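> this one's structure only:
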């Protein structure tokens, strides 16, 4: 689905992202973990053609994202709150995105109905602008908007951050269900290791711009990545 | 402790990214400030002569005193429009071991360092020496200066207090305006001679200098009012916007117009729901009446032609120029989202073009009655309308390519230079000076009527080619998109 080839992004000769080769298959849920500055957001921004790579290219479903805009037809994304239009209500925002994604009013309503439980009654039907929402509710709006129009590729940067515990569990299920139902490919990053280990089918650890681990998910994946990030090994006292 | 707070404020100003980036803005503002100071200084030196010539039978000093109330009223309006409220990001101080009263006092004291408090001195000091000092003793003059300056400070604290209040209820400013206008009427028709009474009071100060000390009561009271207001509200939940139900207006009928309609609906919501574009829209409506000022001919003389160009620019094109000079930064807060969506850059530009066209044409139609004052307005405004749509909009598209700063939508637009940079200052020049210069060029070649026809024809050519122009700029914007995203992120 997505091929990344010889990708290098450098700021003032300092290389922040260096991926010689990465192929993401259709239907994969790719979990990206890494400490701050590892290059996760940079990679997503390049995939979405929001920043220009210094070298290399991203091919999404056969389309070089730098050269054509056609990838926008099948790609949904939520990177941060700058993806939201603060002065709209949630409904207006959804219907704005729905219009761009060629969804009818009926389709939009049916679509939103599915996520009623996730919204927890705090988002729809409120006469309140998105800018006045709490961080967690803003995030929910952004994530669900990224799902609109059944995109084949969905990019979510730290979707679990700022969500309350129940919503985190709900979101895990939402992502897995969506991928199973529509065969969508997900690119997800996060800092909460158990969320990312649960939701993804393949895990990549980025460190200083380089892929240092790339493994399919197994039962021991969580322990492996926890071990990777734990700075100090505690002596076994017992 | 106060010193510390001041040093924080100083660092906040110096280290803000905005300071370094907008050198052009700062220079522009500095020049404006110097212009006003010099004008006041000249006025101050010229006043004694103006007073004796204009009112040969009156005592010039008491005549000047009787005008002061009017000055303070006008100053109050300008303060309301332009003066910034003293704010500090106090959130981080609330948890520290600083008394709330200390923060409030600091805010109030800091607010005194303000251009509006310094500017009157440029007028008052020369007047004191050249006018008051000539006929009065040194002590009397000094106490006169003291009294008037105390009045300036009272005006300052009154302005701040009202501004806090108006922050809660936005119609407050218009109430104030109405009150001032009715006071003016009361004064003008001689029902109560308010300004004369203040004048007499100041005359008394010249006779009994000790009276000036009594004036201090006024600012002290106003300070107390401010203090009480602030200290009772220095809690996060009260200071942050109270959660209220928004009036949500429905623009969904525009969705029927397809993608362009959807974007126009977005622009309308943007304008109506954010303070900054909304105040622009309100200013546009107010300035529709500007023609009454500018088209009034003095002694039945013919008005110079450039008056009609400026009139057309302000009355017909004001909205498109003031709104368009920030294109596309109005959408800067969510620009990267738009760039991820399936939308044609063309629609984005087109909907802006449509919006501006509709508004400019409406402004033209609404202001047609000015033809009753000068019948030529019909075609001078038409020429400006065509020129605006055909030439000014492409110019704004061009400068939009170099848009650098994210716009903060929730600040009032008056004297607000957030998000201004050199390209906006540059853009204003051809937008405003361009048509005047071109008109005189055409006039040189083809006469007065030819001048207007020239502007109109340029506009028509631009309008005929508008789809080519929009195509061209959509490609340019696509090329520049990464630069714009980066600029908005970094500002």
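Happy to help now that I have it. Owing to the predicted nature of the structure, the values given are computational and were not obtained by experimental measurement.
> So what touches stretch A:210-220?
Identification of contacts with stretch A:210-220 by C-beta atoms under 8 Å, 6 or more residues apart in numbering or on different chains yields A:18-19, A:22, A:31, A:197, A:200-206, A:221, A:224-225, A:228. (C-beta placed from N, C-alpha, C; glycine too.)
> from the chain's centre, how far out does that stretch sit?
18 Å (C-alpha atoms, centre = their mean, to the nearest Å).
> The helix or strand encompassing residue B:461 - contacts with which helices or strands?
Element membership for residue B:461, per DSSP states H and E: helix B:422-464. Helices and strands touching helix B:422-464, by 3 or more C-beta pairs under 8 Å, 6 or more residues apart in numbering or on different chains; DSSP states H and E, are helix B:23-54, helix B:305-324, helix B:377-387, helix B:393-400.
> how about 6 Å then?
The contact analysis (3 or more C-beta pairs under 6 Å, 6 or more residues apart in numbering or on different chains; DSSP states H and E) places helix B:422-464 against helix B:305-324, helix B:377-387, helix B:393-400.
> and the shortest one, average pLDDT?
Which is helix B:393-400. Averaging pLDDT along helix B:393-400 yields 89.
> which one is residue A:50 nearest to, not counting chain neighbours?
residue B:336 (5.1 Å; C-beta to C-beta, 6 or more residues apart in numbering or on different chains).
> for the one you found, what are its contacts?
Contact analysis of residue B:336 by C-beta atoms under 6 Å, 6 or more residues apart in numbering or on different chains lists A:50, A:82, B:485.
> which parts of the longest helix along chain A are buried?
When chain A is parsed with DSSP state H, its longest helix is helix A:165-182. The neighbour-count check on helix A:165-182 (16 or more other C-beta atoms under 10 Å in any protein chain shown) flags A:167, A:168, A:170, A:171, A:172, A:174, A:175, A:176, A:178, A:179 as buried.
> The residue lying closest to the fifth one once chain neighbours are set aside: neighbouring residues, count only.
Once flanking residues are discounted, residue A:172 sits nearest to residue A:199: 4.9 Å by C-beta to C-beta, 6+ apart. The burial count assigned to residue A:199 is 24, neighbours taken as other C-beta atoms under 10 Å in any protein chain shown.
> go on, residue B:304?
9.
> Return the per-residue confidence for it.
pLDDT, read off for residue B:304, is 81.
> in what helix or strand does the closest residue to chain A within the stretch 301-450 of chain B lie?
Nearest to chain A in the stretch 301-450 of chain B, going by C-beta to the nearest C-beta, is residue B:337, at a distance of 3.9 Å. In this assignment (DSSP H and E), residue B:337 forms part of helix B:335-340.
> Is the helix or strand following that helix in proximity to chain A?
Counting by DSSP H and E, the next helix or strand C-terminal to helix B:335-340 is helix B:345-366. No. Helix B:345-366 stays clear of chain A (C-beta under 6 Å from any C-beta of the partner chain), getting no nearer than 8.9 Å.
> So the residue nearest to the spatial centre of chain A: helix, strand or coil?
Central residue of chain A (C-alpha atoms, centre = their mean): residue A:156, 1.4 Å from the mean position. Classification of residue A:156 by DSSP: H, G, I helix; E, B strand; the rest coil places it in strand.
> can you pull up the bridge partners for it?
With DSSP bridges as the criterion, residue A:156 is bridged to residue A:78, residue A:188.
> Hmm, it is touching residue A:78, no?
Yes. With contacts counted by C-beta atoms under 6 Å, residue A:156 reaches residue A:78, the gap being 5.5 Å.
> so where do the helices sit in chain A?
Under DSSP H, chain A gives helices at A:40-47, A:90-100, A:105-114, A:116-119, A:135-146, A:165-182, A:193-199, A:221-229.
> Nearest to residue B:394, out of these?
Closest approach to residue B:394 among the helices of chain A (C-beta to C-beta): helix A:90-100, 26.2 Å.
> what about the closest one and chain B, any contact?
Yes. Using C-beta under 6 Å from any C-beta, helix A:90-100 reaches chain B at A:99, A:100.
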